[in-house]
Each structure stands twice: as C-alpha cells, then as structure tokens.
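> Can you look at this prediction? I've put the sequence above it.
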Amino acid sequence: MSVTAGFFLNRGAFSLDVEFELPGRGVTALFGPSGCGKTTLLRAMAGLEPEARGYLKVGDVVWQDGHYCLPTHRRSLGYVFQEPSLFDHLNVRRNIAYGQRRMAREATGSSMDRVVDLLGLESLLERKPQQLSGGEQQRVAIARALAVNPDLLLLDEPLAALDEARKAEILPWLESLHRELSIPVLYVSHARDEVARLADHLLLLEAGQLSAAGPVNELFARLDLPLAHRPDTETIIQTRVAGHDPDYELSWLDFSGGRFILAGNQLPAGSPARLQVKANDVSITLDRQQGTSILNIFPAVVDEMAADGRARVMVRLKLRDQPLLCRITRKSAAELNLMPGKAVFAQIKSVALLL
Ligand SMILES: Nc1ncnc2c1ncn2[C@@H]1O[C@H](COP(=O)(O)OP(=O)(O)OP(=O)(O)O)[C@@H](O)[C@H]1O
C-alpha cells in the first residue's frame with residue numbers, strides 16, 4: 001500500500017511544494033523545524049486543506065488529482081493530533097468504537113480487540129478520558145485511529161503535549177506499532193530521539209520544501225545535512241542479539257561490521273535491536289589499543305570528513321559497509337593525519353551504547 005504524493009499550496013509568506021513517496025509499510029518521519037509546514041502537509045493528505053493542489057495516491061486508490069478530491073470522511077486514514085481530542089462523555093471503549101462508526105464500516109469485534117491488545121488498553125476500557133493520564137489518552141486516540149483499519153496512519157507529534165515521563169511510557173507502544181502494522185505511517189516530529197527510535201525512513205522538510213528523503217540510517221550519516229552537526233548526533237545501527245554473557249550481564253549484538261558488546265541483557269537472543277551510537281562517544285586510534293577498558297574496538301576506514309564548527313571535525317567511518325559518525329577535535333584529526341581512505345580503529349565504550 002505505497003503512497004505517492006505531491007502538494008502545492010501558497011499562503012503568502014509560506015508556500016508548500018513537495019513530491020514524495022512513502023513505502024508500503026514502516027514509519028516515515030516528517031522532520032523539520034517549527035513552521036516548516038509539517039502539519040499543513042498532513043492536513044493536505046487528509047483532505048483538510050482546500051487550497052492545496054496536487055495529487056495523492058494510496059495503494060491503487062486516487063485520493064486527489066487535479067480537480068478530483070476525495071472528501072476526508074471517505075479517505076481510509078487514521079489521524080492522531082498533538083492533543084488527544086477524545087470525547088469526554090464517552091468511555092474508552094465507545095471512543096474507540098466512534099471512529100469505526102465515522103467510517104461507516106462494520107464495528108467488528110476483531111479490529112476492536114486487535115487495537116485494544118496492540119495498545120494495552122484492556123484495563124482502561126470502562127474509564128472516561130478525564131480518568132486517564134495524558135499518555136493513556138494518546139494511546140486511546142491512536143487505537144481509535146487504527147480501529148477503522150486505515151490504509152494510511154498520520155501521527156502529528158503525538159508525544160508533543162506529554163512530559164518526559166509520559167513520553168517514556170508511550171514510546172514502547174509506538175515501537176510495537178512499528179513492528180506490527182503493515183500500513184504506511186507518517187509521523188511528524190521535531191524530536192530527534194523519537195525519530196532515531198521509531199522511524200525507518202525520513203522526509204526532511206525545510207521552509208515548505210523537502211531537502212532530503214531516504215532511509216533514516218543513511219540520512220543520519222550524511223555529513224552534508226544539518227542532522228549530522230547537532231550536539232546529540234548519533235548513528236543508527238541495525239543489529240541482532242547474538243547472545244548474552246550472564247557472568248557480566250552483557251549482550252552481544254551482531255551487525256554487518258562485527259559484534260557490539262553492550263551493558264545489560266534484557267533482549268532475547270535472535271531479536272532485532274536498533275542501536276544508537278552517539279558521535280561524541282566514538283574515538284579513533286591508529287593502532288588497536290591494548291590494556292584498555294573499552295570493549296568495542298572495530299577496524300574501520302575513514303570515509304568522509306567535514307568541519308563541525310571551528311574546533312571540531314565530524315568523521316564518517318566505515319565499518320565494512322556500516323557508516324559510523326565520530327566527532328573529534330580538529331587538533332586530533334591533524335595529529336592523526338586523518339584523511340579519506342585511511343585505516344584506523346573505532347572505539348566505543350559499552351556503557352555509552354543506547355538501545
Ligand atoms: N490557518 C493558517 N493560516 C495562515 N497561516 C498558517 C495557518 N496555519 C499555519 N500557517 C502558517 O503556515 C506555515 C506552516 O505551518 P505548519 O503548522 O504547517 O508548520 P509545522 O511545521 O507543523 O510547525 P510546528 O512544528 O510548530 O507545529 C507557518 O508559517 C504557519 O505560520
């Protein structure tokens with residue numbers, strides 16, 4: 001159920017001019033600064049921006065093209081806003097069922113059961129919205145959007161109104177959606193950590209135009225994009241849990257460039273794990289260090305380098321085919337005489353790795 005879209009809208013000082021595709025499944029993050037047009041684009045996809053011209057095809061169904069525009073209520077989509085926007089007078093069960101009625105589809109027991117299970121709402125079904133935390137309300141809003149079995153799910157910063165504790169509570173549910181759903185999900189965020197945890201693909205929006213689009217791990221590793229030059233810059237590495245060291249409570253995570261050793265062992269062997277390696281936690285040596293506390297040492301090749309402010313350099317290493325960003329001082333880069341093609345070793349402390 002892939003999505004092909006193009007929208008143009010002129011609003012005086014702001015104009016939107018984008019063309020893009022979304023893969024048939026997985027989460028695509030729409031990422032960009034405040035005011036760049038993220039919400040406007042989602043609203044256009046939902047048919048809520050009458051001024052937006054363009055085209056939109058979801059699977060084989062044309063939702064918009066030229067003068068043809070399928071009304072919002074006939075579009076098979078789920079839309080979750082920043083604020084939960086539930087009906088206060090209805091309990092959780094009826095809030096979820098309301099979405100099914102709106103779509104004039106059968107309020108099938110099976111899709112209700114599925115979304116209740118997927119978002120862990122069983123024990124909350126009889127409660128009213130005011131008896132729920134902000135994170136729980138947002139889970140209900142997502143369940144309501146999914147209960148209609150939509151062909152496309154639009155999430156507009158669903159965590160924006162939540163504090164850090166509530167965000168931490170809801171993120172694992174979003175991660176399970178990411179694993180379970182077989183429809184395209186477009187997820188608006190300007191929180192880099194959410195994108196790193198949840199997204200497979202990325203659309204970078206700046207002042208109403210797409211500046212880049214592609215797999216999230218590739219875009220995060222591109223030195224020509226501003227993403228690589230933020231204080232919290234990290235590389236995303238897809239790994240698989242190979243096993244555990246029970247004596248020391250460590251996990252072994254295999255990837256295309258070798259094996260990471262990570263402190264802690266919560267994940268079962270064989271399961272996929274997305275690792276985040278902060279560029280500030282990676283160091284470079286010319287020889288393999290002996291007598292060091294650092295457990296993760298990989299042979300690597302310098303792939304590309306770019307100035308990162310006046311005092312620092314961002315280095316993209318390749319661990320076989322896996323890119324890894326490393327931020328060092330310009331002085332270190334000069335003393336090691338780093339240049340593309342040079343063979344080095346990358347070091348990462350086990351305790352610095354994030355899942
Ligand atoms: N109803 C409106 N009328 C006129 N201009 C609007 C309207 N809504 C939004 N805008 C303007 O359109 C531009 C895009 O707004 P939009 O809400 O899509 O940005 P955004 O990327 O979602 O921002 P944020 O991350 O702050 O939610 C902004 O310049 C905004 O000021």
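Everything's here; your move.
> Let me know how buried residue 248 is, in neighbour terms.
11 (other C-beta atoms under 10 Å). Placement of C-beta: from N, CA and C, glycine included.
> next one: residue 19
13.
> Pick out the residue in the stretch 101-250 of the chain sitting closest to the ligand.
In the stretch 101-250 of the chain, the residue that lies nearest the ligand is residue 190 (5.7 Å; C-beta to the nearest ligand atom).
> Can you get me a residue count around that residue?
Residue 190 - counted by other C-beta under 10 Å - has 16 other residues nearby.
> so what pLDDT did the residue lying farthest from the centre of the chain get?
Centroid-distance maximum for the chain: residue 291 at 38.2 Å, with C-alpha atoms, centre = their mean. Residue 291 carries a pLDDT value of 93.
> Roughly how far does the residue most central in space within the chain sit from residue 47?
Compute the mean C-alpha point of the chain, and by C-alpha atoms, centre = their mean the closest residue is residue 199, 2.4 Å away. Separation of residue 199 from residue 47 (C-beta to C-beta, to the nearest Å) stands at 24 Å.
> just checking, residue 351 touches residue 263?
Yes: in this structure residue 351 lies within contact range of residue 263 using C-beta atoms under 8 Å: 5.0 Å.
> Between those two, tell me which one has more neighbours.
residue 263 (14 against 11).
> For the more buried one, give the beta-bridge partners.
residue 250 (DSSP bridges).
> What separation is there between it and the ligand?
Here residue 263 is placed at a distance of 35 Å from the ligand (C-beta to the nearest ligand atom, to the nearest Å).
> Just list the residues touching that residue, thanks.
Residue 263 makes contacts with 249-250, 350-351, 353, as judged by C-beta atoms under 8 Å, 6 or more residues apart in numbering.
> Quick one: the helices in the protein, in order.
38-45, 92-102, 109-118, 134-146, 164-180, 192-198, 216-220, 330-335 (DSSP state H).
> same for the shortest one, what does it pack against?
Spelled out, that is helix 216-220. With contacts taken as 3 or more C-beta pairs under 8 Å, 6 or more residues apart in numbering; DSSP states H and E, helix 216-220 sits against helix 192-198, strand 201-206, strand 234-245, strand 322-329.
> And for the closest residue to residue 39 other than its chain neighbours, the neighbour number?
In this structure, residue 39 finds its nearest non-sequential neighbour in residue 156, 5.8 Å apart by C-beta to C-beta, 6 or more residues apart in numbering. Neighbours of residue 156 under the rule other C-beta under 10 Å: 21.
> can you pull the pLDDT of residue 156?
Looking at residue 156, its pLDDT stands at 94.
> My guess is it contacts residue 85. True?
No: shown here, residue 156 and residue 85 do not form a contact pair, counting by C-beta under 8 Å, at 10.9 Å.
> Quick check: residues of the stretch 151-300 of the chain near the ligand?
Within reach of the ligand by C-beta under 6 Å from any ligand atom, the stretch 151-300 of the chain has these residues: residue 190.
> what's the spacing between residue 64 and residue 252?
49 Å.
> Comparing the two, which shows the higher neighbour count?
Neighbours were counted for residue 64 and for residue 252 using other C-beta under 10 Å; residue 64 has more, 22 against 17.
> Give the burial count for the residue nearest to that one when sequence neighbours are not counted, as a bare number.
Distance criterion C-beta to C-beta, 6+ apart; nearest residue to residue 64, sequence neighbours excluded, is residue 56 at 4.4 Å. When neighbours are counted by other C-beta under 10 Å, residue 56 registers 23.
> got the contact list for residue 56?
If a contact means C-beta under 8 Å, 6+ apart, then residue 56 has 3-7, 45, 62-65 as its contacts.
> In contact with residue 309, which residues are there?
By C-beta under 8 Å, 6+ apart, residue 309 lies in contact with residue 229.
> so what pLDDT did it get?
Reported pLDDT for residue 309: 92.
> ok, now residue 103?
For residue 103, the model assigns a pLDDT of 53.
> What of residue 195?
pLDDT, residue 195: 88.
> Repeat that for residue 99.
69.
> again with residue 109
Residue 109 carries a pLDDT score of 56 in this model.
> Kindly state the domain boundaries assigned to the protein.
For the chain, the TED database gives the domain ranges 2-228, 234-354.
> Tell me which of those domains is the most buried.
Stretch with highest mean neighbour count among those: domain 2-228 (a mean of 18; mean count of other C-beta atoms under 10 Å).
> Run the chain-centre distance for that one.
12 Å (C-alpha atoms, centre = their mean, to the nearest Å).
> so what's the nearest residue to residue 83 once chain neighbours are set aside scoring on pLDDT?
With sequence-adjacent residues excluded and distances taken as C-beta to C-beta, 6+ apart, residue 83 is closest to residue 161, at 5.6 Å. Note on residue 161: pLDDT of 78.
> How much space separates the closest residue to residue 231 other than its chain neighbours from the ligand?
Residue nearest to residue 231 in three dimensions, not counting chain neighbours: residue 280, with 7.9 Å by C-beta to C-beta, 6+ apart. As judged by C-beta to the nearest ligand atom, residue 280 and the ligand stand 26 Å apart.
> Can you name the residues bridging to residue 274?
Those that pair with residue 274 in a beta bridge, by DSSP bridges, are residue 238.
> Low-confidence stretches in the stretch 1-150 of the chain?
Low-confidence segments of the stretch 1-150 of the chain, defined by pLDDT under 70: 99, 101-110.
> Local confidence estimate at residue 262?
Per-residue pLDDT puts residue 262 at 92.
> contacting residues for it?
250-253, 275, 350, 353, 355.
> let's see it at 10 Å
For residue 262, the contact set (C-beta atoms under 10 Å, 6 or more residues apart in numbering) comprises 239, 241, 244, 250-253, 273, 275, 295-296, 348, 350-355.
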